[in-house]
Structures are given as C-alpha cells and as structure tokens.
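Undergrad: Structure of the sequence below:
(one chain, ligands or ions: 1)
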Amino acid sequence: MPKLPVDPSLAKIREAADKFGIRQLWLVGGAVRDQLLGLETTPDFDLAIGGSAQDFAAYLYKTGVSSITPVTYPQFGTAMVRVDQLQIELAQLRKESYRSKSRKPIVEPATLEEDAARRDITINALYLDLWTGEVVDPTGHGLADMASRILRTPREPSVTFNEDPLRMMRVIRFRWQFGLTPVERLYESIKDCSARLSIISLERIRDELCKMMVGPAPDKALEDLRQLGLLAQFAPEFLDMLDVEQGSFHHLDVWYHTLAAVRLTEPDLVLRLAALFHDIGKPPTRTVEDTGRTRFFGHEVVGAKMTAQVMRRLKFANDTIDEVCLLVRNHMRLGSSPNLTKPALRRLMRDLGDELPRLFSLVEADSKACKPGLPLVDVNTIRERVKEITLTTPAAKLQSPLDGEEIMRLTGLPQGQKVGEIKRRLEEAVLDGDLGPDDTEAARALVKKWAQNR
Ligand code: CTP
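TA: Residues are numbered from 1 along each chain as shown. Next comes the predicted model:
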C-alpha cells in the first residue's frame, strides 16, 4: 500500500476523532487521486467517516477545531466544517439505494467497500487512512488503474451512470484531464444511458462543462460529448454544425473548425466559451452564391443571439453571458488584414473595452484554425497599434469631453434626445481623432457652432 503525508489541518481533525471515539476517518476522492498522480492537491478535502458526520462536525465546532457552525445535510449524512480556513466536507460511509420510481436515494450507513462501490470511478475511490497515511483500495482496482491510467467505474457502468447521470460527463472530463483509457464497454454504456442526462439540473451540467472547457483537451472532451449523445441533451444547436461545409478558406466543417479554434486558445473560461460559440450562427446563415462561393452573412449577430439563448438555458451568470456574446458578435471586426484606420481601432477599443485582449486571442485562434497555408490575420500588429493609441487616448477616455449638463447649459436645450445626439457627435469626433478627449474648449466651440447652424 502506498503511503502519503497527512495534511496538518487533517491531523487536527484526526486528533479530535481520537478524543471523540471515532476510529474510521479517511481522506477520499480528488485530494488522494491528485496526490497519487503527483499533482498539486486541491484545497478541497472530502473526508469519509465511520460514524455520524453531523455529530462529529458539532464536536469539532464545540472544541474550536472548526471555526464555523457546521452546515449539515442530514438526508445525505454529510456536514461541512472549516479548519484553518479550509472548507472540509465530512460524509458518513454510506450506500445509496433507489426505489424504482423515485430519483431520491435512500441513504444508509455502509462499509468501506460499499462506500467505495457507490463512487464514480475507481481512481476516485481510494482512501487515505488519517492515522497510518496508508492508501486503501476497497474496489481492488483503484491503484492498478491509477498506475495504468485506466478509466473504470467500480460497478457495472450503467448502474453507476443511472444512479447519477452527471457521472457520464465526469468520466469524460477525467479521461481528458488525466489522459486515461476507458475500459471496454464504458463508452458504449454512456451512449446507451445518455438520454438519462436530461434528469440532471442544467446548473450541474454547466459546471461540468466549464471544468472540461478549461482542461487540457477541451476539444476532445467536446467531441466525446457529441459522439456519445450527451451534447444533444443540453445544447443540440451544436449538432447542426457538423458537416456544414465552409468553402475555400476552410479545410474543416464548422464543428471541427470550432474544435480546432477551442484547442488553440489559452485555458480561460470566457475565451474558450467564445471560441466554442463563435460560429454557432453559421448553420442558419449559410448561403452559396452563383459563383459557388459559400457565405455566412451576419453569422456573428445571429450567433451572439443563439449564444445568449444557450448560455441562459445553462444558467450562466449574466456577466459571463455578456462577455461571451460581445466576443462572438465582434469576432469578424478585424477583417482579414490589419489595415484598420485609427478611428476604426478607437471604435474597437470603445466597443470591446476590457474584452479586447480576449478578442485578439479569439481572432488568432479562429485564423489559425482555417486552411493551413492561408495568411494568418496579423493580430500582433493590431495589438501594437492599439497599444500606441492607448498611450494618447486610453479606452476609458474615448467619450465626449462634455457631459449632458454642460451641453444643456451651452445650448439652452432641455433634457432630452437632442442633448444625447450632441453628446454622441462629440464622442464620434473623439473616435475620429478630430477632437481630443480632454479638449473641453474645442468641444464647447463645436457645440456652439452646431447650435448656431441648427
Ligand atoms: N463523486 C461521485 N459521483 C459524483 C460526484 C462525486 O462518486 N457525481 C465522488 C467521487 O469519489 C469524488 C468525490 O465524490 O472523487 C468528491 O467529489 P468532487 O469533490 O465533486 O470531485 P473530485 O473528485 O474531488 O474532483 P474535482 O474537484 O475535480 O471535481
């Protein structure tokens, strides 16, 4: 049995367990798995306990080991405590059984073997004994699977997946996160059970999707989701991208071009989501001209609308939806050459704001995902030019030098549309480079001139 060091905060809990009379306490799940894989451990500790998690959590609070009143979930036999700023989940060793019609499990105390069997994959069912530091492998496969990088469910896959269908997504995430090989029949079983994902809340699905998106092989995970029938359960719009032929700039259809673009981005969630959604508007906008040229007019605008629909369905935060939609809607703004005028660049800076660096990365990835040999969009030149412009007119200053109050005072106009129009004209003059953003004097003169000419 391998041995691992026991974290000092967990040692405090073990000492409390000694006093409380608990003899079974294990660290289990991701923290053990990651340590055995030689990865940095997540500060997310899950403890399995042979006894009541609620009672022990209350004891930890009473004795000052945990700093928070325990948050307990009696129906699941779990409790949350906080030790040295670490959030730790205590869960009674348990087995879950289901009445045929209900999705709600009946949770009962169980042996270590039963607790291990109800988990998602064997390498997540390894237990670190907090007294000896030994890693225990109740399924009998965990350590060997870890060594050979095998992806296996502790029980018949369909049983594991039917119990919690989200595990089908977790399995795909773990496969690509850790480079695991699925055992025979595992993927077939996901295909068979895929429709069951529809009973899972869209928030849980979204969280798994996000973890995949920032992982090391998001394109491979997405392709698995599609091929195994899971994507169809929560974002069928993406299926329409397959086999959509794109014409001479592309060697791939819309779906595989999208996957290539995702692969070529840094692991930043908003950027990767933008890459995933950037061409979602292509299938409904595709036309072929008489010359045979394939076009996707307005796909970025249609795509931004579709992006908002899908992301709202998946209950993403409004800020995230806005950021991704902004990138999707503007991903064609740079065109194919960097010969953008200064006014065009200033407008780009105004419209994109803080999202401009992400737009550049998205355009770079999009361009690299096109047919090899085509000239790439020279994003670096554009980056440099924006940097130069920022020195004289930072993005925050790309606005009218005068506010509405002052315009009203100068013109005698009442509050209303006309004042707004003048303000917009001043902003346009700043963007065109005809008016300095701080040049209030010239702005006043312009306003007076416009007022006289009316
Ligand atoms: N688990 C499970 N089925 C799930 C979720 C979790 O069997 N649907 C079990 C696994 O043993 C897992 C442990 O609960 O290792 C802890 O779950 P969680 O904290 O969600 O995941 P981690 O494995 O720690 O990994 P990550 O943080 O990357 O999700």
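
Undergrad: Domain-wise, how is this structure divided?
TA: With domains defined by automatic domain parsing, the chain comprises 8-148, 163-228, 235-397, 404-453.

Undergrad: do you know which of those domains lies nearest the ligand?
TA: Ranking those by proximity to the ligand (C-beta to the nearest ligand atom) places domain 8-148 first, at 2.3 Å. For every residue, glycine as well, the C-beta is placed using N, CA and C.

Undergrad: Can you measure across the closest one, start residue to end residue?
TA: Domain 8-148 stretches 30 Å from its first residue to its last (C-alpha to C-alpha, to the nearest Å).

Undergrad: count of residues packed around residue 71?
TA: Neighbours of residue 71 under the rule other C-beta atoms under 10 Å: 13.

Undergrad: dump the residue contacts of it.
TA: Going by C-beta atoms under 8 Å, 6 or more residues apart in numbering, residue 71 touches 79, 80.

Undergrad: Would you mind listing what in this structure touches the ligand?
TA: Contacts of the chain with the ligand, taken as C-beta under 6 Å from any ligand atom, map to 29-30, 42, 44, 46, 119-120, 124-125, 164, 166-167, 170.

Undergrad: Now, those residues that are in strands?
TA: In strands, defined here by DSSP state E, the members of the residues of the chain next to the ligand are residue 46.

Undergrad: Buried subset of the residues of the chain next to the ligand, written for ChimeraX?
TA: Selecting only the buried entries of these in ChimeraX, with 16 or more other C-beta atoms under 10 Å as the criterion:
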select :29,30,46,119,120,124,125,164,166,167,170
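
Undergrad: one step back: in JSON lines, list the domains of the chain along with mean pLDDT and distance to residue 154.
TA: What follows is the domains of the chain, written out as JSON lines (pLDDT from 0 to 100; distance: least, C-beta to C-beta, whole Å):
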{"stretch": "domain 8-148", "mean pLDDT": "92", "distance to residue 154": "5"}
{"stretch": "domain 163-228", "mean pLDDT": "97", "distance to residue 154": "11"}
{"stretch": "domain 235-397", "mean pLDDT": "91", "distance to residue 154": "29"}
{"stretch": "domain 404-453", "mean pLDDT": "89", "distance to residue 154": "61"}
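
Undergrad: how about those in JSON lines, adding distance to residue 1?
TA: JSON lines is the format used below for the domains of the chain (distance: least, C-beta to C-beta, whole Å):
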{"stretch": "domain 8-148", "distance to residue 1": "5"}
{"stretch": "domain 163-228", "distance to residue 1": "21"}
{"stretch": "domain 235-397", "distance to residue 1": "35"}
{"stretch": "domain 404-453", "distance to residue 1": "68"}
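
Undergrad: re earlier: pick out the most distant pair among the residues of the chain next to the ligand.
TA: With distances taken as C-beta to C-beta, the most widely separated pair in those is 42 and 164, at 20.3 Å.

Undergrad: what's the closest of the residues of the chain next to the ligand to residue 232?
TA: Distances from residue 232 to the residues of the chain next to the ligand, taken by C-beta to C-beta, are shortest for residue 166, at 15.7 Å.

Undergrad: Give me the buried positions along the host helix or strand of residue 358.
TA: Under the criterion of DSSP states H and E, residue 358 resides in helix 356-368. Across helix 356-368, burial judged by 16+ other C-beta under 10 Å covers 356, 358, 359, 360, 361, 362, 363, 364, 365, 366, 367, 368.

Undergrad: got the contact list for that helix?
TA: Here helix 356-368 has contacts from 260-262, 264-266, 268, 270-271, 274-275, 278, 323, 327, 330-331, 333-334, 348-349, 352, 376-377, 379, 382-383, 386, 395, using C-beta under 8 Å, 6+ apart.

Undergrad: now the helices for the stretch 251-400 of the chain?
TA: Secondary structure of the stretch 251-400 of the chain (DSSP state H, counting those that start in this stretch): helices at 254-263, 269-277, 282-285, 299-313, 318-330, 342-352, 356-368, 379-392.

Undergrad: Highest mean neighbour count across those helices, which stretch is it?
TA: Among the helices of the stretch 251-400 of the chain, helix 269-277 has the highest mean neighbour count (mean count of other C-beta atoms under 10 Å), at a mean of 25.

Undergrad: Turn the buried residues of helix 356-368 into CSV, columns for distance to residue 443.
TA: Output for these, formatted as CSV (distance: C-beta to C-beta, whole Å):
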residue, distance to residue 443
356, 26
358, 32
359, 29
360, 31
361, 35
362, 35
363, 34
364, 37
365, 40
366, 39
367, 39
368, 43
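
Undergrad: and the residue positioned nearest the centre of the chain, how far is that from residue 81?
TA: Nearest to the mean C-alpha position of the chain, by C-alpha atoms, centre = their mean, lies residue 210 at 2.8 Å. To residue 81, residue 210 is 26 Å away according to C-beta to C-beta, to the nearest Å.

Undergrad: what's the answer for residue 153, then?
TA: Note on residue 153: its distance to residue 81, by C-beta to C-beta, is 30 Å.

Undergrad: Test my guess that residue 57 contacts residue 68.
TA: No - the pair residue 57 / residue 68 is not scored as a contact, 9.3 Å apart, by C-beta atoms under 8 Å.

Undergrad: The two: which is more packed in?
TA: Applying other C-beta under 10 Å to residue 57 and residue 68 shows that residue 57 carries more neighbours, namely 25 against 13.

Undergrad: show me what contacts the more buried one?
TA: Counting by C-beta under 8 Å, 6+ apart, residue 57 makes contact with 66, 70, 72, 79, 80, 81, 90.

Undergrad: which of these count as buried?
TA: Those of these that meet the buried threshold are 66, 70, 72, 79, 80, 81, 90, by 16+ other C-beta under 10 Å.

Undergrad: Work out for me the element the fourth one sits within.
TA: Pointing back at residue 79 there. Going by DSSP H and E, residue 79 is part of strand 78-83.

Undergrad: need the next SSE after that strand, C-terminal direction.
TA: strand 86-92.

Undergrad: Not counting that following strand itself, show me its contacts.
TA: Residues outside strand 86-92 that contact it (C-beta under 8 Å, 6+ apart): 9-10, 13, 43-53, 56-57, 76-82, 109.

Undergrad: For ChimeraX, what selects the buried ones among the residues you listed?
TA: Provided next is the ChimeraX selection string for whichever of those are buried by 16+ other C-beta under 10 Å:
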select :9,10,13,45,46,47,48,49,50,51,52,53,56,57,77,78,79,80,81,82
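
Undergrad: what about the strands in the protein?
TA: 25-28, 45-49, 71-73, 78-83, 86-92, 94-98, 105-109, 127-129, 135-136, 150-151, 181-182, 287-288, 294-295.
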